[in-house]
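Student: The following block contains a protein sequence and its predicted model.
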Amino acid sequence: MASEFQRGVTIGVLRSRFAAGRLTAERALRDCFARIRSRDAEVQAWEHLAPDQALAAARAVDRGGYDRPLAGIPIGIKDIIDTSDMPTTYGSSLYAGHRPEADAHIVARLRKQGAIIPGKTVSTEFAYLRPSRTRNPHDIRRSPGGSSSGSAAAVADCMVPVAIGTQTAGSTIRPAAFCGVVGFKPSYGAIDMAGVRPLAPSLDTIGIFSRDVDDARIVFEALAPARVDLAPSQSAPRILVGELPGLDETHLGAFDVLTSVKAKLTSLGYAWESLDLTDCYDRWSRLHYTLLVYEAHAHYAPLSVRHPQGIGSELGALVQSGAKIDRLVYEEAQAECNAIRTQFDRVLAGDSILLMPSAPGEAPLFERGTGDPVFNSAWTMLHVPCLSLPLIRSDGELPLGLQLIARRGNDSAMLVHARLLARILSSNDAAEHA
């Protein structure tokens, strides 16, 4: 019999089987490890596995019951997030064997909610651009994206139903698109980052990978404090489609997704509006870069001085770029970002959803790097929630992603509308409405 994870089972299905006595947390976890053993030599999604302690935790859940939101659910943790009971290397050989004294806030929260942590997923070096060893499960010649490469690949290959990553530019949305899974980056600050290795603290955000929008919602609600956003309306959201003349010619594959989505929405009777981003998008991306390089320099310049041969050329170049930006320029950029965020809140008033490509196209060949965050960094700077829905391109059968963007703090409403859009954009649903 195929394992639970080979069938891509969701949190909802696992919870119902636990409650019905048809499955135990220990059995589900053993299926998880069986899948990892059979596939990870090829995919290489895991930095560290802890089967003994994870199985002990699963048995404790089976004894105590399944009333907690994540009881018995295996969840992978990106290796820049501190765990006290297993190594955290931050994707760097400089931290080989490093054991933090305490769990990150998110790890402690997951454990409290009953989640089982099988191990740590591979991260790029300090969550920046240096490629990791992880391969794309759809085609091992290709990149899974960065920096949350292991988390995206582990979920895509059905090793775990959910994994946690981070995003500072495009490190959740882009890997989700390349690997064909749901990737959710909540609003900045929605989930506590204590115990997560910083790259640029005014941008760093937790990310959630799953194969189902509902799973992302369940994990988000278990991790985030009580939300203040209003419940979404029962009607369809106001849908905006981003327009970027120039980029649509450079990245034809990415904008083919939007063309297809617009056609399908129209055929199903849904209204959409164009949003011309020509005059602002480049500026937003440059502001993101200013914040990133300045803050990365503040955190990693001392390390690069102590260990000049111990960090990759990509991070080294970032640190050097940050040294060229003075404090006044950085403070002016932060002030401008704050003003733009307030303005953009008005653009996405109510339950509005903006649609954009998740990535420039399909996953690049492995030797060409982790891909370009051109469609992600501006939204990370704006602190808005983003979600990548997986779509499949018909010719190469490699995943492409559709990115949903909502107003700051409107995370819960966006997840509800993402579920709706996932349903109406599916082929089967379209056939039903034709």
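Tutor: Structure received. Residues are numbered from 1 along each chain as shown.
Student: check which helix or strand covers Arg111.
Tutor: Using DSSP states H and E, Arg111 sits in helix 105-112.
Student: now what about that helix, what contacts it?
Tutor: With contact meaning C-beta atoms under 8 Å, 6 or more residues apart in numbering, helix 105-112 is reached by 57, 68, 70, 75, 77, 81-83, 102-103, 117, 164, 191-196, 206, 222-223. (C-beta placed from N, C-alpha, C; glycine too.)
Student: The helix or strand following it pairs with which strands, and in what direction?
Tutor: As assigned by DSSP H and E, the chain's next helix or strand after helix 105-112 is strand 119-121. Strand pairing for strand 119-121, determined by DSSP bridges: strand 46-49 (antiparallel), strand 75-78 (parallel).
Student: Pick the most buried one from those.
Tutor: The highest average neighbour count among the strands paired with strand 119-121, using mean count of other C-beta atoms under 10 Å, belongs to strand 75-78 at a mean of 31.
Student: could I get that one in CSV with only the CA atoms?
Tutor: What follows is strand 75-78, C-alpha atoms only, in CSV (Å, rounded to 0.1, in the frame of the first residue of the first chain):
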residue,chain,number,x,y,z
ILE,A,75,6.4,19.6,9.6
GLY,A,76,9.9,20.3,8.2
ILE,A,77,11.9,23.3,9.5
LYS,A,78,14.3,25.3,7.4
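Student: Centre of the chain to it, how far?
Tutor: 12 Å (C-alpha atoms, centre = their mean, to the nearest Å).
Student: same question, stretch 128-136
Tutor: The answer for stretch 128-136 is 15 Å, by C-alpha atoms, centre = their mean.
Student: Go through it and flag the buried ones.
Tutor: Neighbour-count burial for stretch 128-136, with 16 or more other C-beta atoms under 10 Å as criterion, is recorded at Tyr128, Leu129, Arg130, Pro131, Ser132, Thr134, Arg135, Asn136.
Student: Wait, a helix at Leu132?
Tutor: Heads up, residue 132 is Ser, not Leu. No - Ser132: not assigned to a helix; according to DSSP: H, G, I helix; E, B strand; the rest coil it is coil.
Student: And the average pLDDT for the helix of greatest length in the chain is what?
Tutor: Of all the segments of type helix in the chain, defined by DSSP state H, the longest one is helix 281-306. Averaged over helix 281-306, pLDDT sits at 97.
Student: Quick check: which helices or strands does it pack against?
Tutor: helix 313-322, helix 327-347, helix 377-382 (3 or more C-beta pairs under 8 Å, 6 or more residues apart in numbering; DSSP states H and E).
Student: related to what we said a few turns ago, from the contacts of helix 105-112, which would you call buried?
Tutor: Among the contacts of helix 105-112, those scoring as buried are 57, 70, 75, 77, 81-83, 103, 117, 164, 191-193, 195-196, 206, 222-223 (criterion: 16+ other C-beta under 10 Å).
Student: Could you double-check that Ala363 lies in contact with Leu398?
Tutor: Yes - with contact defined as C-beta atoms under 8 Å, Ala363 reaches Leu398; the gap is 6.3 Å.
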